[in-house]
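*Asks:* Model the following, please.
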Amino acid sequence: MFGRNWSRSQLEAMVASQRHRGPDAEGVFVSPSGLAGLGHNRLSIIDLSGAGRQPMSDSTGRYRIVFNGEVYNYLELRAELEGGYPFQTRTDTEVLLAAYLKWGPSCLDKLIGMFAFLVWDDQEQRLFGARDRFGVKPLHICPRAGGGLWIASEIKALHQAGVPRRPDAGAWAAYLVSGMHDHGQATFWEGIQRILPGGCFTWSPAGGFRQQQWYDSADRLLEAGPDSRPEPVVADELLALLEESVRLRFRSDVPVGVCLSGGLDSSLLLGLVQRVQGPDSALKSFTFFCGDPAYDEVPWVERLLAQTRHAALFCRLAPEEVPALAARVQRHQDEPYGGLPTLGMAKVHERAREERIVVLLDGNGLDEGWGGYEYYQYAGAVDASRAPVQGSKSPATRPECLEPEFAALASRLTVSKPLPDPLLALQYRDIRFAKLPRAMRFADRVSMMYGRELREPFLDHRVMELGLRQPDDRKLRHGQGKYLPRQVAAAILPRQVQQAPKRPVQTPQREWLRGPLREWATGCIETALAGPGAGWLRPEAVRSEWTRYCSEAGENSFFIWQWVSMGLLLAPASPRP
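*Replies:* Next up is the predicted model:
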């Protein structure tokens, strides 16, 4: 909390509201001037001693840092900084602080990792903050009357401090009209914004709040230009980068596990784990399933692990669990989330906590960086202003069920970067505005609600940038995406390893909503219609669409989940267990 007109008790309430994110330790610092208050919840990953507590001070006491995430190349940076800074801990937090003190904001370009951090200069009364390149770690701000600024990892912390909990009609309109969310600074709540992925900012009493983009994948692509090197050279570089990315993400003083499905991404990730750790690697793997053979990937994962020593832990999501679990996940997400797949991941992280696995590796990012989504095959015909929903031939949303005045509040997404071809334009949209921002938010909140850290090796910026620079035929070939990663996977995986075919729908959400969850979904929709939705939705049109959906075998449940989300998120507050 920065500026005037806040209290230590408000800051402590914010810290308490985020205890699930860091259950191992917490701390609060209030500057002598009263202009700055920093709070932190610690999930101990590197240097488990008390020396790693935050807010952390430099050796002079002038600077304080609070940091969420990991800087994976902290050992290399520490070696570069050694001699110029008197290190007192073995943490990456102190390395990050030392890097900022030496290089200022330019330190960001040296970081390989996921991060959101603040550094307070108590002498200059000046704040610097930044968020990682692809928004793996969150950062929310609330400008205050009188020029102050409140900041938190999660929206609920700002509400807990006293920011009114009022839905933002424009954000809801964009979501319900086009399916877009998490694509800009606006959140679903009035007065609260997000710092964009790759964003940084400063604040001071005299200068106020100023922000800018320190990283943008399109800018880096345009600077570097297309990659004209021979394909085998690029394949070798890709494999080397992937190996290093996985190796760096094993840096941990607590146990590491891996999330697996049966597809290419998980197969490649497991192959890389084997190369980095050796054939005797026995780390635990986690896979969710729903008990429906049409969707479950259990057989593919079992075949994937058959020749290894990895323990396979399968986490089942049953329909009778959904109502209570959906409400719990919603409280942690603070904004609409991605339906049953997110609930399935909640089961994974719950099991990981039971198994005392603190860090998990996951395979997000390969599709966006290397052209893996089906609609990339016909990139020139895709409406880039709408949220992509795979596996649906019918419109994903139902704007005709909205009141016209409300629907008119929706803004359209425009991507104006001068990218050289339609495929790159779609990849950039998905990385910067559509797929990745929402996937990273879902993943962060659902892992941190159980105090687990999720690491994304394929989101190493070097891997992503290499993919973006490649000609289209190194991404799309023979009717499939991710061509070059497929070649790399084929080179490192045993021939007998089979992968599940690419399937955009991972859960029986469509069937469950019209089947065993019908009564629950009806209740959520009616709650939406009775709340703010009473002025946003056309009740008879919504009920008619819901009835039609339940009576027909529609292949799109996205719009139904939107209405369920309204009921879950905008229902009157109730006591929380």
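
*Asks:* Send me stretch 329-343 as CSV with only the CA atoms.
*Replies:* C-alpha atoms of stretch 329-343 as CSV (Å, rounded to 0.1, in the frame of the first residue of the first chain):
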residue,chain,number,x,y,z
VAL,A,329,-12.3,-22.6,-7.0
GLN,A,330,-14.4,-19.5,-7.9
ARG,A,331,-13.5,-17.9,-4.6
HIS,A,332,-9.9,-18.3,-5.4
GLN,A,333,-10.1,-17.3,-9.0
ASP,A,334,-11.9,-14.0,-8.3
GLU,A,335,-13.0,-13.9,-12.0
PRO,A,336,-14.7,-16.4,-14.4
TYR,A,337,-12.6,-19.5,-15.1
GLY,A,338,-12.4,-22.3,-17.5
GLY,A,339,-15.0,-24.8,-16.3
LEU,A,340,-14.4,-28.5,-15.5
PRO,A,341,-10.8,-28.6,-16.8
THR,A,342,-9.9,-26.1,-14.1
LEU,A,343,-11.7,-28.2,-11.5
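
*Asks:* pLDDT on it, on average?
*Replies:* For stretch 329-343, mean pLDDT is 97.

*Asks:* Could I get the buried residue list for it?
*Replies:* By 16 or more other Cβ atoms under 10 Å, the buried positions in stretch 329-343 come out as 329-330, 332-343. Using the backbone N, CA and C atoms, a C-beta is placed for each residue, glycine as well.

*Asks:* got it, and stretch 355-366?
*Replies:* Buried residues in stretch 355-366, counting neighbours by 16+ other Cβ under 10 Å, are found at 357, 358, 359, 360, 361, 362, 363, 364, 365, 366.

*Asks:* can you map out the strands along the stretch 251-400 of the chain?
*Replies:* 256-259, 285-289, 312-316, 359-361 (DSSP state E, counting those that start in this stretch).

*Asks:* elements contacting the shortest one?
*Replies:* Translated: strand 359-361. Contacts defined by 3 or more Cβ pairs under 8 Å, 6 or more residues apart in numbering; DSSP states H and E place strand 359-361 against strand 256-259, helix 340-354, strand 453-455.

*Asks:* List the neighbouring strands of it plus their orientation.
*Replies:* Here strand 359-361 is paired, per DSSP bridges, with strand 256-259 (parallel), strand 453-455 (parallel).

*Asks:* can you tell me which of these comes nearest to residue 78?
*Replies:* Proximity to residue 78, assessed across those by Cβ to Cβ, is greatest for strand 453-455 (19.6 Å).

*Asks:* Now do the end-to-end distance for stretch 180-192.
*Replies:* Stretch 180-192 has its terminal residues 17 Å apart, counting by Cα to Cα, to the nearest Å.

*Asks:* so which of the buried residues of stretch 355-366 comes closest to residue 5?
*Replies:* Of all these, residue 5 sits closest to residue 358, with 38.2 Å by Cβ to Cβ.

*Asks:* show me what contacts the closest one?
*Replies:* If you count contacts by Cβ atoms under 8 Å, 6 or more residues apart in numbering, residue 358 has them with 43, 45, 252, 254, 255, 256, 352, 451, 452, 453.

*Asks:* tell me the pLDDT at the third one?
*Replies:* Reported pLDDT at residue 252 in the predicted model: 98.

*Asks:* let's number from 34 now, not from 1
*Replies:* That works, and once the first residue is 34, the last one we named lands at residue 285.

*Asks:* Hmm, residue 79 and it touching each other?
*Replies:* Yes. Between residue 285 and residue 79 there is a contact under Cβ atoms under 8 Å: 6.7 Å.

*Asks:* So for the two, which sits in the more crowded spot?
*Replies:* Using other Cβ atoms under 10 Å as the criterion, residue 285 and residue 79 rank with residue 79 on top: 20 against 15.

*Asks:* hang on, isn't the more buried one packed against residue 124?
*Replies:* Yes. Here residue 79 reaches residue 124: they are 5.6 Å apart, a contact under Cβ under 8 Å.

*Asks:* Now for these two: what residues contact both?
*Replies:* Common contact partners of residue 79 and residue 124 (Cβ under 8 Å, 6+ apart): 85, 107.

*Asks:* residue ranges with poor pLDDT in the stretch 484-610 of the chain?
*Replies:* Residue ranges of the stretch 484-610 of the chain with pLDDT under 70: 528-538, 605-610.

*Asks:* Let's see that with 50 instead.
*Replies:* By pLDDT under 50, the low-scoring segments of the stretch 484-610 of the chain are 607-610.

*Asks:* Ok, the chain next?
*Replies:* Scanning the chain for pLDDT under 50 picks out 607-610.

*Asks:* From residue 401, how far off is the residue most central in space within the chain?
*Replies:* Geometric centre of the chain, nearest residue: residue 473, 1.1 Å, by Cα atoms, centre = their mean. Distance of residue 473 to residue 401, computed by Cβ to Cβ, to the nearest Å: 11 Å.

*Asks:* Residue 277 now?
*Replies:* Counting by Cβ to Cβ, the gap from residue 277 to residue 401 is 20 Å.

*Asks:* higher neighbour count, those two?
*Replies:* The residue with more neighbours, out of residue 277 and residue 401, is residue 401; 28 against 19, by other Cβ under 10 Å.
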